[in-house]
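1. give me a model of this one.
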Amino acid sequence: MSEPTLLIVDDEKTTREGLRAALEDRYEVYLAEDARMAVELLEQDHFDVLLTDFRLPNEDGMKIIARAKSLSRPPICILMTAYGSEELAVEAMKRGADDYIAKGRLQIEELEMRIARALRQRNLESENTSLRQQLDSRFGMENIIGESDVMREVLEVVRQVAPARATVLLLGESGTGKEMIAKVIHRLSPRAQQPMVSVHCAALSPTLLESELFGHEKGAFTGAHERRIGRFEQAQGGTLFLDEIGEIDPSIQVKLLRFLGERTFERVGSNKTISADVRLIAATNKNLADMVKAGTFREDLFFRLRVVEVRLPGLRKRREDIPLLAQAFLHEFAKENHKPVGTFTPDAMELMTGYDWPGNVRELRTAIEHAVVLCRGDRITARDLPAQVRIREEPAKLQAETAPTPPPENSLSVLENEKQLIIRALKETDGNRTLAAEKLGMSRRSLHRKLRKYQLDDL
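-> Residues are numbered from 1 along each chain as shown. Down below sits the predicted model:
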């Protein structure tokens, strides 16, 4: 299990370094000398514990705690001050601090005890979260793989919106899993025992789509030899999922708008009004706001559809989930193809996490199937992956630019090469560590560790 992460914020260098020396054997310690640096670190990485001084240049520690507590995964917050008083302690607790300690009486043993106690409480909360996740697994969350912050936020919105009746608009690039999210919302809703009906709007002409959605009467148009029940009636009491909603014709937009307002419609060729208790979930990879401006999508329908908006991230924005997804797909296709493939070689995983995946999760799934079929051993290697995944132009360019000459026999070691790559990336980004980490294909936290490893903290 990895060490808990601790962020220490203090403008006195001796205090910062002294606390780090005392605590780094039990914690992964990060330091910040002022509020600006502290907030930047908090917004870039997750920390288990925040230990901050009260008096800081241009800011006070309580405001840092308030910012920390507003994060989706807030740390345990402990306030330190040389100006201790009962009134300040009470105010600190009111504003979100989990604990309070006076620097004048600060004892490392006592501080360690308080941190450990707070972490134990956090672990109990995590166990409760785990129990909730087990319940989620029974009711539909088991197919949603992802531990990145952005996916945690998406799933939290899904949990909140599922029990409601509100219309949901799912946005995101093709292949990000919009239909799967729609199914999860349905399975977690009170409508789970009723049907969920899906319609791909882009696959049908306007005439066929109108009939598909609302049904038609016998003789309503050429070829209508008998009455047909539409998808709205088929989904009675349940959920209707409209994929690629941006493709629907203006005439159908009008009928859809009426349904969302009145929960009624007519079959094609009929004047009889039909009521339907149906929850609508729509999805698109298009920018509906731009379509509204262009006059190709009704503004009133747009607002009716986006009562709750869920935006799914592209896979390149959640790279830390790629190993989890890849392993899940590997298990699926190894079993399906009766092949004893159980894992990936490090170079294969490096290629996958560095590739941008324009087709998102759908493309990753196809790539893993391809690799399993071609694999000759018990591990997926780089050569088993599709050609587009094996081509890594940007890292190759960066390495080519960094190397002063073609590597001779006494070329730099692997570690020295990595160090030089990091130095070059920081120079090219003017010291911006977030951009440098992206350029190097690693997380900001990994870059931070390597800067300490190579003694490059001052860059």
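
2. shaky segments in this protein?
-> For the chain, the stretches flagged by pLDDT under 70 are 1-2, 82-86, 105-106, 124-143, 392-416, 459.

3. how is it carved up into domains?
-> Domain assignment for the chain by automatic domain parsing gives 5-128, 142-313, 318-390, 395-453.

4. how about the helices in the stretch 351-459 of the chain?
-> Counting by DSSP state H, counting those that start in this stretch, the stretch 351-459 of the chain has helices at residues 360-374, 387-390, 393-402, 414-428, 433-440, 444-453.

5. looking at these, which is nearest to residue 89?
-> Smallest distance to residue 89 across the helices of the stretch 351-459 of the chain (CB to CB): 32.1 Å, for helix 444-453. C-beta here means a position set from N, CA and C on the backbone, and glycine is covered the same way.

6. contact partners of the closest one?
-> Contacts to helix 444-453, defined as CB atoms under 8 Å, 6 or more residues apart in numbering, come from residues 30, 44-45, 418, 422, 433-434, 436-437, 440, 442, 456-457, 459.

7. what do you get for stretch 379-389?
-> Stretch 379-389 has contacts (CB under 8 Å, 6+ apart) with 330, 341-345, 347-348, 351-352, 355, 366-368, 370-372, 374-376, 390.

8. what does stretch 93-108 give?
-> 15, 22-23, 53, 62, 65-66, 68-69, 76-82, 84, 88-89, 92, 110-111, 114, 118.

9. drop anything exposed from the residues you listed.
-> Buried residues within the contacts of stretch 93-108, counting neighbours by 16 or more other CB atoms under 10 Å: 15, 23, 53, 62, 65, 68, 76-81, 84, 88-89, 92, 111, 114, 118.

10. so of those residues, which ones are in strands?
-> When DSSP state E defines the strands, the subset of the buried ones among the contacts of stretch 93-108 inside them is 53, 76, 77, 78, 79, 80, 81.

11. looking at those, spot the one nearest residue 148.
-> Of all those, residue 76 has the smallest distance to residue 148: 21.6 Å, by CB to CB.

12. any idea how many residues pack against residue 228?
-> 17 (other CB atoms under 10 Å).

13. wouldn't it be in contact with residue 216 here?
-> Yes. Counting by CB atoms under 8 Å, residue 228 does reach residue 216; the two are 5.3 Å apart.

14. which non-adjacent residue is nearest the residue of the chain most remote from its centre?
-> Distance to the chain centre peaks in the chain at residue 219, reaching 49.7 Å (criterion: CA atoms, centre = their mean). Spatial nearest neighbour of residue 219, chain neighbours left out: residue 269 (6.7 Å); criterion: CB to CB, 6 or more residues apart in numbering.

15. residue 6 belongs to a strand?
-> Yes. Counting by DSSP: H, G, I helix; E, B strand; the rest coil, residue 6 is found in a strand.

16. most widely separated two among the ones in strands among the buried ones among the contacts of stretch 93-108?
-> 76 and 81 (17.2 Å).

17. and residue 430, how many residues sit next to it?
-> Neighbours around residue 430, by other CB under 10 Å: 8.

18. for it, give me phi and psi.
-> When read as degrees, to the nearest 10, the backbone of residue 430 gives phi 50, psi 40.

19. if we can go back for a sec, mind listing the shared neighbours of residue 228 and residue 216?
-> Residues touching both residue 228 and residue 216 (CB under 8 Å, 6+ apart): residue 267.

20. contacts only, for residue 68.
-> Neighbouring residues of residue 68 by CB under 8 Å, 6+ apart: 42, 47, 50, 74, 75, 77, 96.

21. again, 6 Å this time
-> 42, 50, 74, 75, 77 (CB atoms under 6 Å, 6 or more residues apart in numbering).

22. same question for residue 152.
-> Contacts of residue 152 (CB under 6 Å, 6+ apart): none.

23. within the helices and strands, which one has it?
-> Using DSSP states H and E, residue 152 falls within helix 149-161.

24. and that helix, how far from the chain's centre?
-> 8 Å (CA atoms, centre = their mean, to the nearest Å).

25. got the buried residues for that helix?
-> 150, 151, 154, 155, 157, 158, 161.

26. of these, just say which sits nearest to residue 322.
-> residue 151 (11.8 Å).

27. name the nearest residue to the closest one, ignoring sequence neighbours.
-> The shortest distance from residue 151 to any non-neighbouring residue, by CB to CB, 6+ apart, is to residue 318 (5.8 Å).
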